[in-house]
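> generate coordinates for the sequence data below:
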Amino acid sequence: MKRKLILVFVLIISATLFFSCSGAGKDTAGTSDETVTKDVTMKTLDIVKERGYLIVGVNASNPGFSYLDSDGKYVGFEADMGRAVAAAVLGDPEKIQYRPLTSKERFAALQSGEIDLLIRTATHTLTRDTDLGLNFTVPYYYDGQTFMVRKDSGIKTIEDLEGASICVLTGSTSEANLSDVMASRNLTYKPVLYENTDELVAAFLAGRADAWTNDRAGFMTRLQTIIDPAVYTVLEETISKEPLAMGVRQGDDQWFDIINWSLYGLFFGDEHGITSSNVNKIRNSSKKPEELAFLGMRSDLGAKLGLSNDWAFNMISKAGNYSEIFNKNLSAASGISISRGFNQPWTDGGLLYAPPFR
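So this is what the prediction gives:
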C-alpha cells in the first residue's frame, strides 16, 4: 500500500506540471479560456444552470483531500464534496469542472467570479468573513495546526523550535498562526515561505528547514507518501483551531443557502444512516416525516432553495453521505487512516449537526 501511495505522490507532481502547462485535466467539457463571469445581476445558481456545470476551486496536490490522479482526474475528500454539490444542484456529480489554485490565489479566484465555489482547505476566520467579500459555510472538516520535524532533531516541544527555520505556505492561516504562537512565547525563528505545497514538501524533505508547520490532517496524508516516514514525527501540541469551510461570494444568499444546506444534507444522511446503497429503500418505506421531506417525498424543501425536490436524494444516491465520502478518501480503507475525531455526527460525539429539514 505504501509503495502505491508513493507512486501516486510522484504521479501527482508529474500530472500537476503537465496539466498546468497543457491546460488539460478538466472533468467536463469547456475550454480553459471560456468566459465564466456573467452579468453581475445574475444569481450564481442561474449562471451554473445556464453553463451546465459547476466550477470549483481546489488543490491539485493534496493527497486524500484533492489531487490529480494518474488519469488526470481530480479525486479526494474535497473533490468529492464538490461532486456532491453538483449532484444536488444539477442532478449529476460529474457536471463539474475543477480549477487548481494555490493558497495565495484561491480567494481572488472566487472574488473575481472565476469559480462558483471554493473547497480548498480554507479556514473560516472572522477576518476572512468580513474583509474578503466572501461568505463561509458551516465547517466540513475540523482540524488543528502543529509541526513536523525529524525524529533525530531533538525537537520535542514548540519551545525547542527557538531559532529554527520553519517551512510554511504563504497566504495561509498557518503562516499567521506561526507568527502569533512564536511571538507569544518569545521565540525567534526563520520562516521559509512557499506558495506551492509540493515545493514546500520537497524542500523540507531535502533538509532546507528544521520544521514544517501545517494542519494535522495534512501531515497524516503526506506521511503516507514519504519514502521513509519513520524518520519524521509530528509534535503533540496543537496551536490553533482550523475549521475548514467552503467559500462563496457575498451578496447571493440563495447560493449560500444551497451550499450550506447541501452540507447539512450530507450530515443528515450520516446521522440517519441514509446511504447511497439504501436511499431508494428509505425513500419508499420510511415513516419518519423529516426523512421523507429530506428525500423529496413530502413538502417542497427543494423548491425553497431553487432546486428540484429530489436534490437531496440525488446528492446521497450519486455521491454518498458524509461518512461515505470521508471513508472513501481518508479512512484506513483509503490507506491514509485519519481518525474521525470531531468529524462525525453529534450523536457519536462529533461536531457535525444538521438543523431540522422542515
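> got the domain ranges for the protein?
Here the domain assignment for the chain is 2-141+244-348, 145-240, based on automatic domain parsing.
> ok, the residue most central in space within the chain - contacts?
Nearest to the geometric centre of the chain sits E78, at 3.7 Å (Cα atoms, centre = their mean). When contacts are counted by Cβ atoms under 8 Å, 6 or more residues apart in numbering, E78 touches 58-59, 62, 65-66, 119-121. Heads up, the C-betas are built off the backbone N, CA and C, glycines and all.
> quick one: low-confidence ranges for this protein?
1-41 (pLDDT under 70).
> go with 90
1-42, 61, 103, 171, 195-198, 218, 220-230, 299, 332-337, 339 (pLDDT under 90).
> which helix or strand contains the residue of it most remote from its centre?
Ranked by distance from the centre of the chain (Cα atoms, centre = their mean), the top residue is K287, with 34.5 Å. Under the criterion DSSP states H and E, no helix or strand holds K287.
> try Y142
Element membership for Y142 (DSSP H and E) is strand 141-143.
> so what strands line up beside that strand?
Strand pairing for strand 141-143, using DSSP bridges, gives strand 242-244 (antiparallel).
> pull the distance from the partner strand to the chain's centre.
10 Å (Cα atoms, centre = their mean, to the nearest Å).
> what do you get for stretch 347-358?
On Cα atoms, centre = their mean, the centre of stretch 347-358 falls 20 Å from that of its chain.
> same question, stretch 183-197
Computed by Cα atoms, centre = their mean, the separation of stretch 183-197 from the middle of its chain amounts to 24 Å.
> also stretch 190-206?
Using Cα atoms, centre = their mean, the offset of stretch 190-206 from its chain centre is 21 Å.
> same deal with stretch 106-113?
Relative to its parent chain, stretch 106-113 has a centroid offset of 16 Å by Cα atoms, centre = their mean.
> which positions within that stretch qualify as buried?
Of all the residues in stretch 106-113, those buried under the rule 16 or more other Cβ atoms under 10 Å are 106-107, 109-111, 113.
> farthest-apart pair in the residues you listed, please.
Farthest pair in these (Cβ to Cβ) is R106 and G113. Separation: 13.7 Å.
> re the thing from before, quick one: which of the contacts of E78 is nearest W255?
Looking across the contacts of E78 and measuring by Cβ to Cβ, the closest to W255 is I119, at 14.0 Å.
> look up how far G306 lies from that closest one.
20 Å (Cβ to Cβ, to the nearest Å).
> ok, those two, which is more surrounded?
More neighbours surround I119 than the other of I119 and G306, with 29 against 16 (other Cβ atoms under 10 Å).
> how much space separates the more buried one from D152?
Taken as Cβ to Cβ, the span from I119 to D152 is 37 Å.
> can you name the next helix or strand after the strand holding Y142?
Next along the chain from strand 141-143, counting by DSSP H and E, comes strand 145-150.
> name the residues that touch that next one?
By Cβ under 8 Å, 6+ apart, strand 145-150 touches 155, 158, 161, 166, 173-174, 177, 204, 210-216, 219, 231-240, 242.
> list only buried entries from those.
155, 158, 161, 166, 173-174, 177, 204, 210-216, 219, 232-233, 235, 239-240, 242.
> re earlier: following the chain past the one helix or strand the residue nearest to the centre of the chain maps to, name the next helix or strand.
Using DSSP H and E, E78 sits within helix 77-90. Later in the chain than helix 77-90, the nearest helix or strand by DSSP H and E is strand 96-100.
> in helices, which of the contacts of strand 145-150 fall?
Residues of those located in helices (DSSP state H): 173-174, 177, 204, 216, 219.
> how about those in TSV, adding distance to G52?
Shown next, in TSV, are the ones in helices among the contacts of strand 145-150 (distance: Cβ to Cβ, whole Å):
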residue	distance to G52
T173	34
S174	37
N177	40
F204	42
R216	38
F219	38
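> and these, which two are furthest apart?
Among the ones in helices among the contacts of strand 145-150, T173 and F204 lie farthest apart (Cβ to Cβ), at 18.8 Å.
> got the contact list for L187?
Counted by Cβ under 8 Å, 6+ apart, L187 has contacts 158-159, 161-162.
> again with F204
Contact analysis of F204 by Cβ under 8 Å, 6+ apart lists 148, 167, 212.
> nearest spatial neighbour of D160, skipping sequence neighbours?
Counting by Cβ to Cβ, 6 or more residues apart in numbering, G154 is the residue found nearest to D160 once chain neighbours are left out, at 6.8 Å.
> what's the distance between that neighbour and F147?
For G154, the distance to F147 - Cβ to Cβ - is 13 Å.
> which one's more surrounded, the two?
F147 (29 against 8).
> that one pairs with what?
Assigned bridge partners for F147, using DSSP bridges, are T213.
> now the helix holding E78 - C-alpha only, PDB.
This file holds the C-alpha atoms of helix 77-90, laid out as PDB (Å, rounded to 0.1, in the frame of the first residue of the first chain):
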ATOM      1  CA  PHE A  77     -12.400  14.300   0.100                       C
ATOM      2  CA  GLU A  78     -12.800  17.900  -1.100                       C
ATOM      3  CA  ALA A  79     -13.100  16.900  -4.800                       C
ATOM      4  CA  ASP A  80     -16.000  14.500  -3.800                       C
ATOM      5  CA  MET A  81     -17.600  17.200  -1.700                       C
ATOM      6  CA  GLY A  82     -17.700  19.200  -5.000                       C
ATOM      7  CA  ARG A  83     -19.300  16.300  -6.800                       C
ATOM      8  CA  ALA A  84     -22.000  16.100  -4.000                       C
ATOM      9  CA  VAL A  85     -22.900  19.800  -4.600                       C
ATOM     10  CA  ALA A  86     -23.000  19.200  -8.400                       C
ATOM     11  CA  ALA A  87     -25.400  16.300  -7.800                       C
ATOM     12  CA  ALA A  88     -27.600  18.400  -5.600                       C
ATOM     13  CA  VAL A  89     -27.700  21.400  -8.000                       C
ATOM     14  CA  LEU A  90     -27.600  19.800 -11.400                       C
END
